[in-house]
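>>> Generate coordinates for the sequence data below:
(one chain, ligands or ions: 2)
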Amino acid sequence: MSDLHVYDTTLRDGAQQEGLNLTASDKLAIATHLDAMGFGFIEGGWPSANPTDTEFFARARAELTLHSAVLAAFGATRRAGGRASEDPQVLALLDAQTPVITLVAKSHVRHVTDALRTTLEENLAMIQDTVSFLAAQGRRVFLDAEHFFDGYYLDRDYALSVVRTAAQAGAEVVALCDTNGGMLPHQVEAVVADVRATTGARLGIHAHNDTGCAVANSVAAVRAGATHVQGTVNGYGERTGNADLVTTAADLQLKLGYDLIAPEALSQALHLSHAIAEVTNIAPAGRQPYVGASAFAHKAGLHASALKVDPDLYQHIDPALVGNSMRTLVSDMAGRASIELKGRELGYDLSDDPALLARVVARVKELEQQGWTFDAADASFELLLRTEASGEILRYFEEESWRILIDSASGEHESLSEATVKLHAAGRRRVATGEGNGPVNALDHALREALADAYPELAKFELTDFRVRILDADRGTDATTRVLITTSDAQNTWTTVGVAPNIVHASWVALVDSFSYGLLKAGVEPR
Ligand SMILES: CC(=O)SCCNC(=O)CCNC(=O)[C@H](O)C(C)(C)COP(=O)(O)OP(=O)(O)OC[C@H]1O[C@@H](n2cnc3c(N)ncnc32)[C@H](O)[C@@H]1OP(=O)(O)O
Ligand SMILES: CC(=O)C(=O)O
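Numbers count the residues shown, from 1 in each chain. Ligands and ions are numbered 1, 2, ... in the order given. Here you go, the predicted model:
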């Protein structure tokens, strides 16, 4: 393993993200995931700043077993004019009983004089006193030099004196912080190289993403000699976030050859990102580098035709290295190769049927022109593929008719709907009604009721998402509507699409596809 530190601050700076709130139990769960990933340091929070963080450190001592990571407590240097040994906030850092304490300190002259309202000398004394006091208590001390880059450009000598003071007082690492996130990679690289050459201190980087360069700035700092990289999983953090540590670590390991994380752990990167997103309750970003659902999804036909020969031709790495996988998207940009690859993904070998491939391409393009979208609805695509391959539509029932009644007397907030469906299945005609808090809900209930004894498997299906898009909105009430329905059973989730001028009709089409696909995958034959 390399001596480059990977320092995670998801639980501290990540938690500074708008809308992200973690309980102490959430923090313990996230810490366990971070440890499994093999990150070297986990910053748990600021003891004494709030009851949750105080509870986290108390419970971490009793409940958290870390296998490779070291826990860090975060806090500030002592207050101006006092003594570190008597400062309650500094003493609370000791009480957290972590092997590492990371102190934030001012390194920008205006922050010292205007925000802290003290002298430049006293700020250095606060750093010297706090670092040496904590080091003397046997703690490893890291120092986050806040606003370092802006401070360096305003007054280089003072910024450097902060680094020297901290290092001489016993700070093992001085992390240079781009607190306002305004730097670009060439600036970070130049400043880190200068500070490294001038002070000889062990340097770290803490980058925010306000210029969209947090990861690039972190990589630039490492190239210039920083040996400690801070960040957060999924780039959570104040304003536009911090450097995404999953991306940063993957870049450093897979592109620059640092031996940071065991390959087996790196191959769990997608799992880590999603497991933590589950705890934070923030939907994973589909276009996140390396681990996003779209990171290795290919839409263009020409890409697919090359990928069919060799995936390396359109992918920067093997997705398996980070636990991701290649996907082919079917749309009006697909060609025969896209359909062949998608077929392979779905378990169909279409390689020896060029006529079928051409037919499916033509059908997809025709339907997409009418408003269908298959890249978001794999299940409907698979049904289409089967229809084109067999020449027969898979039907679990014969539709006779359906109709909807909306009860206008049911009040403003509960538009109760009633649906009646008439169909033939398992050898007999069925008529069923269902009620729901909207027409689609009512149709869903009526269809299930009509098919309940013919297909008891339907009881396991649950509609989990319903999305509507008006496609040519400029046509007003005459517009075409597209509906996407996502359905789950205990094992799988699938999405189907329906398009029609009428939202209820579009929903019916997507609903019927959803039931057909689910039954097909459950191995049920039409009855
Ligand atoms: C760049 C970063 O993101 S660093 C991390 C920042 N994180 C947080 O602020 C989250 C946790 N913070 C908190 O819960 C609270 O702000 C606390 C508990 C730390 C302090 O709360 P309060 O005592 O009510 O003070 P408040 O938040 O208004 O101001 C912070 C005080 O710390 C002082 N301070 C700021 N930076 C430092 C520093 N590096 N060293 C010493 N004191 C500092 C400020 O000057 C201010 O002092 P004042 O009360 O004399 O004006
Ligand atoms: C320390 C920190 O979080 C920052 O400077 O952004």
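
>>> buried stuff in the host helix or strand of residue 218?
Using DSSP states H and E, residue 218 sits within helix 214-223. By 16 or more other CB atoms under 10 Å, the buried positions in helix 214-223 come out as 214, 215, 216, 217, 218, 219, 220, 221, 222. For every residue, glycine as well, the C-beta is placed using N, CA and C.

>>> For the nearest residue to the first one once chain neighbours are set aside, report the pLDDT, please.
Of all residues beyond its chain neighbours, the one nearest residue 214 is residue 243 (3.8 Å), with distances taken as CB to CB, 6 or more residues apart in numbering. Residue 243 is assigned a predicted lDDT (pLDDT) of 98.

>>> next one: phi and psi at residue 243?
phi -60, psi 130 (degrees, to the nearest 10).

>>> cool, and residue 497?
phi -130, psi 150.

>>> pretty sure it contacts residue 481?
No: with contact defined as CB atoms under 8 Å, residue 497 does not count as touching residue 481 (11.1 Å).

>>> So between the two, which is more surrounded?
Neighbours per residue (other CB atoms under 10 Å) separate residue 497 from residue 481, with residue 497 holding more: 25 against 20.

>>> show me what contacts residue 252?
Each residue near residue 252 by CB atoms under 8 Å, 6 or more residues apart in numbering is listed here: 4, 219, 222, 229, 258, 260.

>>> right, and the pair among those residues with maximum separation?
Pairwise distances across those peak at 12.4 Å for 219 and 260 (criterion: CB to CB).

>>> any chance you could map the strands in the stretch 401-527 of the chain?
417-425, 428-436, 462-470, 481-488, 493-500 (DSSP state E, counting those that start in this stretch).

>>> ok, residues contacting the last one?
It refers to strand 493-500. Strand 493-500 is contacted by residues 367, 370-374, 376-380, 383, 464-465, 471, 480-488, 505-511, 513-514, 517-518, 521 when judged by CB under 8 Å, 6+ apart.

>>> residues contacting residue 218?
By CB under 8 Å, 6+ apart, the contact list for residue 218 reads 205, 207, 229, 230, 231, 243, 248.

>>> and of those residues, the nearest to residue 22?
For the contacts of residue 218, the nearest to residue 22 is residue 231 (17.0 Å; CB to CB).

>>> doesn't that closest one fall inside a strand?
Yes: per DSSP: H, G, I helix; E, B strand; the rest coil, residue 231 lies within a strand segment.

>>> and it, what does it touch?
7-9, 207, 214-215, 218, 242-245, 248-249.

>>> what do you get if the cut-off is 6 Å, keeping everything else the same?
242, 243, 245, 248 (CB atoms under 6 Å, 6 or more residues apart in numbering).

>>> For burial, what's the neighbour tally of residue 297?
17.

>>> Quick check: the gap between the residue lying closest to it once chain neighbours are set aside and ligand 2.
Once flanking residues are discounted, residue 297 sits nearest to residue 327: 4.4 Å by CB to CB, 6+ apart. Using CB to the nearest ligand atom, to the nearest Å, residue 327 is found at 36 Å from ligand 2.

>>> who in this protein is up against ligand 1?
Residues of the chain lying close to ligand 1 by CB under 6 Å from any ligand atom are 46, 49-50, 76-77, 79, 104-106, 115-116, 146, 179.

>>> before we move on, the earlier item: go through the buried residues of helix 214-223 and name the one nearest ligand 1.
Using CB to the nearest ligand atom, residue 214 is the member of the buried residues of helix 214-223 that sits closest to ligand 1, with 14.1 Å.

>>> how long is stretch 388-403 end to end?
Stretch 388-403 has its terminal residues 30 Å apart, counting by CA to CA, to the nearest Å.

>>> Quick check: buried residues in it?
Quick answer for stretch 388-403 (16+ other CB under 10 Å): 388, 396, 397, 402.

>>> quick one: low-confidence parts of the stretch 301-450 of the chain?
For the stretch 301-450 of the chain, applying pLDDT under 70 flags the ranges 409-415.

>>> Which single residue in it comes nearest to ligand 1?
residue 322 (28.8 Å).

>>> hang on, the earlier thing: which ones among the contacts of residue 231 map onto helices?
245, 248 (DSSP state H).

>>> Show me which of the contacts of residue 231 is closest to ligand 2.
Nearest to ligand 2 among the contacts of residue 231: residue 242, at 7.7 Å, using CB to the nearest ligand atom.

>>> In contact with that closest one: list those residues for me.
13, 208, 231, 232.

>>> I'd like those residues as TSV, with distance to residue 430 and pLDDT appended.
What follows is the contacts of residue 242, written out as TSV (distance: CB to CB, whole Å; pLDDT from 0 to 100):
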residue	distance to residue 430	pLDDT
13	59	98
208	61	98
231	58	98
232	55	98
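
>>> Quick check: residue 51 vs ligand 2, distance?
In terms of CB to the nearest ligand atom, residue 51 sits 21 Å off from ligand 2.
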